[in-house]
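Peer 1: show me the folded form of this:
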Amino acid sequence: MTRPLPLEISLEQCRHAIERCDARIGSMLEQRAALTRQAQEIKAALGIRGRDAKREAHLAARLATHAPSLGVDGAAAVMAAIIDACLADVQEHNGHREMHP
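Peer 2: Numbering: from 1, shown residues only. All right, here's what the predicted structure looks like:
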(Lines give C-alpha, C1' and ligand atoms only; values in the text may rest on other atoms or scores of the structure.)
Protein backbone atom coordinates (compact mmCIF):
# COMPACT_ATOMS: atom_id res chain seq x y z
CA MET A 1 0.00 0.00 0.00
CA THR A 2 1.28 3.46 -0.85
CA ARG A 3 1.75 5.76 2.07
CA PRO A 4 0.27 9.27 1.79
CA LEU A 5 2.63 12.12 1.08
CA PRO A 6 3.04 14.85 3.71
CA LEU A 7 1.03 18.00 3.09
CA GLU A 8 4.19 20.11 3.23
CA ILE A 9 5.55 18.57 0.03
CA SER A 10 6.86 20.99 -2.58
CA LEU A 11 5.76 20.96 -6.21
CA GLU A 12 9.19 19.66 -7.20
CA GLN A 13 8.95 16.82 -4.68
CA CYS A 14 5.44 16.02 -5.85
CA ARG A 15 6.55 15.92 -9.48
CA HIS A 16 9.49 13.69 -8.57
CA ALA A 17 7.10 11.30 -6.77
CA ILE A 18 4.86 11.30 -9.87
CA GLU A 19 7.86 10.42 -12.04
CA ARG A 20 8.69 7.50 -9.75
CA CYS A 21 5.08 6.30 -10.06
CA ASP A 22 5.27 6.69 -13.84
CA ALA A 23 8.43 4.57 -13.91
CA ARG A 24 6.67 1.79 -11.99
CA ILE A 25 3.63 2.08 -14.26
CA GLY A 26 5.91 1.88 -17.30
CA SER A 27 7.58 -1.27 -16.02
CA MET A 28 4.21 -2.88 -15.33
CA LEU A 29 2.93 -1.89 -18.79
CA GLU A 30 6.00 -3.44 -20.39
CA GLN A 31 5.30 -6.67 -18.50
CA ARG A 32 1.62 -6.53 -19.49
CA ALA A 33 2.53 -6.02 -23.15
CA ALA A 34 4.78 -9.09 -23.07
CA LEU A 35 2.03 -11.15 -21.43
CA THR A 36 -0.49 -9.89 -23.99
CA ARG A 37 1.79 -11.03 -26.82
CA GLN A 38 2.01 -14.46 -25.20
CA ALA A 39 -1.77 -14.62 -24.65
CA GLN A 40 -2.37 -13.71 -28.30
CA GLU A 41 -0.10 -16.55 -29.42
CA ILE A 42 -2.02 -18.98 -27.22
CA LYS A 43 -5.38 -17.68 -28.47
CA ALA A 44 -4.24 -18.03 -32.08
CA ALA A 45 -3.11 -21.62 -31.45
CA LEU A 46 -6.50 -22.38 -29.89
CA GLY A 47 -8.40 -20.71 -32.72
CA ILE A 48 -9.91 -18.08 -30.41
CA ARG A 49 -10.81 -14.89 -32.24
CA GLY A 50 -12.11 -11.50 -31.25
CA ARG A 51 -12.04 -9.42 -28.11
CA ASP A 52 -13.88 -10.49 -24.99
CA ALA A 53 -15.97 -7.48 -23.95
CA LYS A 54 -17.13 -9.22 -20.78
CA ARG A 55 -13.54 -9.88 -19.69
CA GLU A 56 -12.50 -6.34 -20.52
CA ALA A 57 -15.39 -4.96 -18.42
CA HIS A 58 -14.33 -7.25 -15.57
CA LEU A 59 -10.75 -5.98 -15.81
CA ALA A 60 -11.97 -2.37 -15.70
CA ALA A 61 -14.14 -3.09 -12.67
CA ARG A 62 -11.17 -4.71 -10.90
CA LEU A 63 -8.99 -1.73 -11.73
CA ALA A 64 -11.64 0.54 -10.22
CA THR A 65 -11.38 -1.36 -6.94
CA HIS A 66 -7.59 -0.86 -6.91
CA ALA A 67 -7.85 2.79 -7.95
CA PRO A 68 -11.19 4.01 -6.57
CA SER A 69 -10.29 7.65 -7.22
CA LEU A 70 -10.62 6.92 -10.95
CA GLY A 71 -14.18 5.70 -10.60
CA VAL A 72 -15.66 3.05 -12.85
CA ASP A 73 -15.68 5.26 -15.96
CA GLY A 74 -12.11 6.42 -15.44
CA ALA A 75 -10.91 2.87 -14.81
CA ALA A 76 -12.72 1.70 -17.95
CA ALA A 77 -11.04 4.44 -20.01
CA VAL A 78 -7.59 3.58 -18.62
CA MET A 79 -8.12 -0.15 -19.15
CA ALA A 80 -9.37 0.40 -22.71
CA ALA A 81 -6.26 2.46 -23.49
CA ILE A 82 -3.98 -0.19 -21.97
CA ILE A 83 -5.66 -3.03 -23.87
CA ASP A 84 -5.63 -1.08 -27.15
CA ALA A 85 -1.93 -0.21 -26.72
CA CYS A 86 -1.02 -3.81 -25.87
CA LEU A 87 -2.92 -5.14 -28.87
CA ALA A 88 -1.23 -2.54 -31.11
CA ASP A 89 2.09 -3.83 -29.73
CA VAL A 90 1.07 -7.37 -30.71
CA GLN A 91 0.38 -6.20 -34.25
CA GLU A 92 3.72 -4.42 -34.38
CA HIS A 93 5.58 -7.50 -33.14
CA ASN A 94 3.72 -9.70 -35.61
CA GLY A 95 4.56 -7.48 -38.54
CA HIS A 96 0.91 -6.47 -38.83
CA ARG A 97 -0.24 -10.03 -39.45
CA GLU A 98 -3.84 -10.88 -38.59
CA MET A 99 -4.28 -11.18 -34.84
CA HIS A 100 -6.82 -12.71 -32.52
CA PRO A 101 -7.55 -10.13 -29.77
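Peer 1: show me the longest helix that occurs in the protein.
Peer 2: Longest among the helix segments of the chain by residue count, using DSSP state H, is helix 11-46.
Peer 1: mean confidence score for that one?
Peer 2: Taken as a whole, helix 11-46 has a mean pLDDT of 96.
Peer 1: tell me the phi and psi of residue 51?
Peer 2: Backbone torsions of residue 51, given as degrees, to the nearest 10, read phi -80, psi 150.
Peer 1: which element, helix or strand, includes the spatially most central residue of the chain?
Peer 2: By Cα atoms, centre = their mean, the chain has its centre lying nearest to residue 82, at 3.8 Å. Using DSSP states H and E, residue 82 sits within helix 71-93.
Peer 1: list the buried ones in that helix?
Peer 2: 75, 76, 79, 82, 83, 86, 87, 89, 90, 93 (16 or more other Cβ atoms under 10 Å). C-betas here are computed from N, CA, C, even on glycine.
Peer 1: also stretch 28-39?
Peer 2: 33, 36, 37.
Peer 1: what would those residues look like in a markdown table with distance to residue 59?
Peer 2: Output for the buried residues of stretch 28-39, formatted as a markdown table (distance: Cβ to Cβ, whole Å):
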| residue | distance to residue 59 |
| --- | --- |
| 33 | 15 |
| 36 | 12 |
| 37 | 17 |
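Peer 1: for stretch 77-92, what is the distance to the chain centroid?
Peer 2: Relative to its chain's centre, stretch 77-92 lies at 8 Å (Cα atoms, centre = their mean, to the nearest Å).
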